[in-house]
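**Q** any chance you can model this:
(one chain, ligands or ions: 1)
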Amino acid sequence: MSKLVDNWTQWLKSSRFSYMNEVQRQQALLWLFDIRDNILDRAALKNNDTLLDVGTGTGLLGFGAYERIKDSGKVILSDAFSDCLEECRKIAENSGITEGMEFLQSDAADIKLPDNSVDVVVMRSVLVHITDKLTPIREFYRVLRKNGRISIFEPIIKKNTKYYQLINPDNFANYEQIKEIEDKIASDRDDPLVNFDEHTLGNDFVKAGFKHIDIKLSIESSTYEVDPAMIDPWFNTPPSPDRPPLKQRFIEFMPEVEVDEFLERLKIELGGKSITLNSPVAYVYAEK
Ligand SMILES: C[S@@+](CC[C@H](N)C(=O)[O-])C[C@H]1O[C@@H](n2cnc3c(N)ncnc32)[C@H](O)[C@@H]1O
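**A** Numbering: from 1, shown residues only. Below you'll find the model as predicted:
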């Protein structure tokens, strides 16, 4: 874990929203609920389904699924980290959930469940934190029953809008260097956040043996006016508890003093301007 965030629960509950004002925070939550509903709709849940939520975090998908199948099915909330499962247990207890839900500490690459034991796997934004994505996808195939369904969502971060696409090259003497650094960061094969896209995901599902693979790519767009005070948090907020903030990535390629100069220039360049950020996301559905 990075020194900036102690654990996943802390990141999920507060760090990821740290650069947002209250309105943006509420919008982000509505956006998450929308994604949850899309993932669960695509999973076409049925009575008596046993559903596995991989990398459940604070239970976004698992509790949503429970609402849909609690009368006859079973939901297994799994995560590699115990703090997440403790948080989910607390939520379940406070919600009076006593049956139809199980908690499983398990790495996605080594799921502690027998072969052919679940009907549905759902997952949101977990592969994006795992360098080798094929091994967990093979695990999903193994634990699913024949004709079992999988419905997942992953952000395709490598295709997000880059800062160099938002600024005027004439205003930055080192524009080409900035561009090169951002492109290098976005194509780092060892960085789980960016070492994949919708095509490589699809290929991994094929390699694992899945059929009826359906990939829906959509481009999430957000337009807003930049408050210069947002820039430091953009560069200093870790993208996950175990990955360095963007500023640290820049420092790998450029002296810190120059990164700081770039950030100050960026505040002047973007402050008060309306910008549009595009973030492609992929929904993948498949069957065993
Ligand atoms: C961005 S959060 C998503 C949480 C939740 N799915 C949601 O939609 O809010 C990523 C989650 O993946 C979990 N995770 C990270 N690496 C994992 C791994 N190798 N195996 C299982 N879970 C993992 C983290 O603990 C965290 O809960």
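
**Q** CA only for contacts and neighbour counts going forward, please
**A** Fine.

**Q** the spatially most central residue of the chain and the ligand, how far apart?
**A** For the chain, the residue nearest the mean C-alpha position is residue 125 (2.7 Å; CA atoms, centre = their mean). Residue 125 sits 5 Å away from the ligand, taking CA to the nearest ligand atom, to the nearest Å as the criterion.

**Q** how about the contacts made by that residue?
**A** By CA atoms under 8 Å, 6 or more residues apart in numbering, the contact set of residue 125 is 153-155.

**Q** could you check the pLDDT of it?
**A** The score at residue 125 is 97. That number is its pLDDT.

**Q** if we can go back for a sec, quick one: which of the contacts of residue 125 is most hemmed in?
**A** residue 155 (26 neighbours; other CA atoms under 10 Å).

**Q** so residue 80 makes contact with residue 110?
**A** No: using CA atoms under 8 Å, residue 80 is not in contact with residue 110, being 9.6 Å away.

**Q** ok, the two, which is more surrounded?
**A** Using other CA under 10 Å, the more surrounded residue of residue 80 and residue 110 is residue 80, with 19 against 13.

**Q** any idea how far the more buried one is from the ligand?
**A** In terms of CA to the nearest ligand atom, residue 80 sits 4 Å off from the ligand.

**Q** where along the protein do the strands fall?
**A** With strands called from DSSP state E, the chain shows them at 50-54, 74-79, 101-105, 118-124, 144-155, 211-225, 274-287.

**Q** need the residues of the stretch 51-200 of the chain near the ligand, please.
**A** Contact residues (CA under 6 Å from any ligand atom) of the stretch 51-200 of the chain with the ligand: 55-58, 60, 79-81, 107-108, 123-126, 129-130.

**Q** at 8 Å what do you get?
**A** Those residues of the stretch 51-200 of the chain that sit near the ligand, judged by CA under 8 Å from any ligand atom, are 53-61, 78-81, 84, 106-109, 123-127, 129-130.

**Q** still on that earlier bit, for the strands of the chain, which one sits closest to residue 28?
**A** strand 211-225 (10.8 Å; CA to CA).

**Q** output that closest one as PDB, restricted to C-alpha atoms.
**A** Coordinates of each C-alpha in strand 211-225 appear next as PDB, following Å, rounded to 0.1, in the frame of the first residue of the first chain:
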ATOM      1  CA  LYS A 211     -18.500 -17.700 -25.500                       C
ATOM      2  CA  HIS A 212     -21.100 -15.100 -26.500                       C
ATOM      3  CA  ILE A 213     -18.700 -12.300 -25.600                       C
ATOM      4  CA  ASP A 214     -20.300  -8.900 -25.900                       C
ATOM      5  CA  ILE A 215     -18.200  -5.800 -25.300                       C
ATOM      6  CA  LYS A 216     -19.800  -2.400 -25.000                       C
ATOM      7  CA  LEU A 217     -17.500   0.600 -25.100                       C
ATOM      8  CA  SER A 218     -18.800   3.900 -24.100                       C
ATOM      9  CA  ILE A 219     -17.100   7.200 -23.800                       C
ATOM     10  CA  GLU A 220     -18.000   9.000 -20.500                       C
ATOM     11  CA  SER A 221     -17.700  12.800 -21.000                       C
ATOM     12  CA  SER A 222     -17.600  15.400 -18.300                       C
ATOM     13  CA  THR A 223     -17.400  19.100 -18.900                       C
ATOM     14  CA  TYR A 224     -16.700  21.600 -16.200                       C
ATOM     15  CA  GLU A 225     -14.900  24.800 -15.300                       C
END
